[in-house]
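Asks: dropping a prediction and its sequence here:
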Amino acid sequence: MPLDVQTRLLRVLADGQFYRVGGYAPVKVDVRIIAATHQNPEQRVQEEIS
């Protein structure tokens, strides 16, 4: 996932709101993300850093 998308997603998850494209008022949301992987995330991060 590109870094700019990660920052936008984190902001929505942390603040519970976002702005629509061209919008002026924030839209409040209450969401949760459920994710799964068969890969070791810590190992994958280290591989990307190296």
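Replies: Cool, got the structure.
Asks: next, K28: phi, psi?
Replies: Here is the backbone geometry of K28 (degrees, to the nearest 10): phi -80, psi 140.
Asks: isn't it right next to Q17, touching?
Replies: Yes - in terms of C-beta atoms under 8 Å, K28 counts as a neighbour of Q17; the distance is 4.9 Å. The way it works is simple: take the backbone N, C-alpha and C, and place the C-beta from them, glycine included.
Asks: and these two? which has more neighbours close in?
Replies: Neighbours of K28 and Q17, each counted by other C-beta atoms under 10 Å, are more numerous for Q17; the result is 13 against 9.
Asks: next one: the more buried one from Q43, what distance?
Replies: As for Q17, its distance to Q43 is 34 Å (criterion: C-beta to C-beta, to the nearest Å).
Asks: kindly report the same for M1.
Replies: The gap separating M1 from Q43 is 17 Å, by C-beta to C-beta.
Asks: which one's more surrounded, these two?
Replies: Counted by other C-beta under 10 Å, M1 and Q43 do not tie: Q43 has more neighbours, with 9 against 6.
Asks: where does the most centrally placed residue in the chain fall, secondary structure wise?
Replies: Centroid-nearest residue in the chain: L9, 2.9 Å away (criterion: C-alpha atoms, centre = their mean). For L9, the element it lies in under DSSP states H and E is helix 3-15.
Asks: also E47?
Replies: Remark: E47 resides in helix 41-49, with elements defined by DSSP H and E.
Asks: and G16, how many neighbours does it have?
Replies: The local packing of G16 (other C-beta under 10 Å) involves 13 other residues.
Asks: kindly apply the preceding question to R32 instead.
Replies: One way to gauge burial is a neighbour count; for R32, by other C-beta under 10 Å, it gives 5.
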